[in-house]
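In: Sequence first, predicted model second:
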Amino acid sequence: MWDAAWRNNSFANPNMRLYVGSTAGSSAGNPSSYVSPDFFANELKGLQKDYPDSFGGAMTWDMSWAYGSSPNYATNAKQAMMAGSKCSVYA
């Protein structure tokens with residue numbers, strides 16, 4: 001349902017944006033929900049490409065994990081979104 005709504009931009013508020021969140025480390029939340037920095041970056045690029053008018057950006061939990069991990073989770077996400085260059089919020 002949400003996928004069709006995003007694809008068609010059929011929301012009451014046309015300014016709605018999709019923000020994607022992820023835990024930035026395997027111990028930052030539920031370990032079974034963790035995705036690698038590369039997987040997250042690829043998903044961000046895909047969402048940014050597929051939904052250029054409604055993709056808003058990314059968020060991570062929490063920042064100490066995002067900046068303290070190697071590779072740097074936040075930098076990886078930022079670089080992925082900058083490559084698409086139509087994102088308004090950066091890590």
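Out: Structure's in. What do you need?
In: Could you use CA atoms for every contact and neighbour count after this?
Out: OK.
In: What lies in contact with stretch 37-46?
Out: Here stretch 37-46 makes contact (Cα atoms under 8 Å, 6 or more residues apart in numbering) with 20, 22, 24, 57-58, 71-73, 76-77, 80-81, 83-84.
In: And those, which two are furthest apart?
Out: For those, with distances taken as Cα to Cα, the pair at the greatest spread is 24 and 84 (21.1 Å).
In: which of the two has more neighbours?
Out: Remark: of residue 24 and residue 84, residue 24 carries more neighbours, 27 against 15, as counted by other Cα atoms under 10 Å.
In: for residue 14, helix, strand, or coil?
Out: Counting by DSSP: H, G, I helix; E, B strand; the rest coil, the backbone at residue 14 sits in coil.
In: Let me know how buried it is, in neighbour terms.
Out: Residue 14 has 10 neighbours, counted by other Cα under 10 Å.
In: spatially speaking, which residue is in the middle of this protein?
Out: residue 58 (3.3 Å; Cα atoms, centre = their mean).
In: how far away is the nearest residue to it once chain neighbours are set aside from residue 72?
Out: Nearest non-adjacent residue to residue 58, counting by Cα to Cα, 6 or more residues apart in numbering: residue 20, 4.8 Å away. Using Cα to Cα, to the nearest Å, we find residue 20 at a distance of 17 Å from residue 72.
In: next one: residue 81
Out: Distance from residue 81 to residue 72, by Cα to Cα: 14 Å.
In: Comparing the two, which residue is more hemmed in?
Out: Applying other Cα under 10 Å to residue 81 and residue 72 shows that residue 81 carries more neighbours, namely 27 against 14.
In: does that one count as helix, strand or coil?
Out: Following three-state DSSP, residue 81 is assigned to helix.
In: thought it was touching residue 49?
Out: No. The pair residue 81 / residue 49 is not scored as a contact, 9.6 Å apart, by Cα atoms under 8 Å.
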